[in-house]
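> Kindly return the folded structure for what I paste below:
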Amino acid sequence: MDDREIARGAADFQARGRDYPFINIPGYMEWSRRKLEAGESEALIDHLDAMSMFILPEELNEISEEVFDELLEDVRSEVEKRSHS
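Model (predicted):
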């Protein structure tokens, strides 16, 4: 991939990308409900509920629960770091 292809890809992403609130990403609400029912911190889920993801429209249905799990772990880690400082 040369610089022109990279630039075209970046321009396309910038032109067509949209900011999707997590609550509008398919599967997120079901995932978050299950996490809450399993005893997950309501504050952490509320934090994720308020987040969004900038992606291309065709990527919207490709976001998996693994991505939500990773983001939850990232938020949990950040909270733990801040509570110990």
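> Let me know whether Phe68 touches Trp31 as I believe.
Yes. Under the criterion of Cβ atoms under 8 Å, Phe68 lies in contact with Trp31, with a separation of 5.1 Å. For every residue, glycine as well, the C-beta is placed using N, CA and C.
> where exactly do the helices run in this protein?
3-16, 28-37, 42-49, 65-83 (DSSP state H).
> Would you mind getting the angle between the third one and helix 65-83?
Looking back up the chat, that one is helix 42-49. When axes from the mean of the first three to the mean of the last three Cα atoms, to 10 degrees is applied, the directions of helix 42-49 and helix 65-83 differ by 120 degrees.
> Just the buried residues of helix 42-49, please?
Of the residues in helix 42-49, those buried by neighbour count under the rule 16 or more other Cβ atoms under 10 Å are 44-45, 47-48.
> Then stretch 51-61?
Under 16+ other Cβ under 10 Å, the buried positions of stretch 51-61 are 53, 55.
> Contacts for that stretch next, please.
Taking Cβ atoms under 8 Å, 6 or more residues apart in numbering as the criterion, the residues outside stretch 51-61 that touch it are 12-13, 16-22, 25-26, 63, 71.
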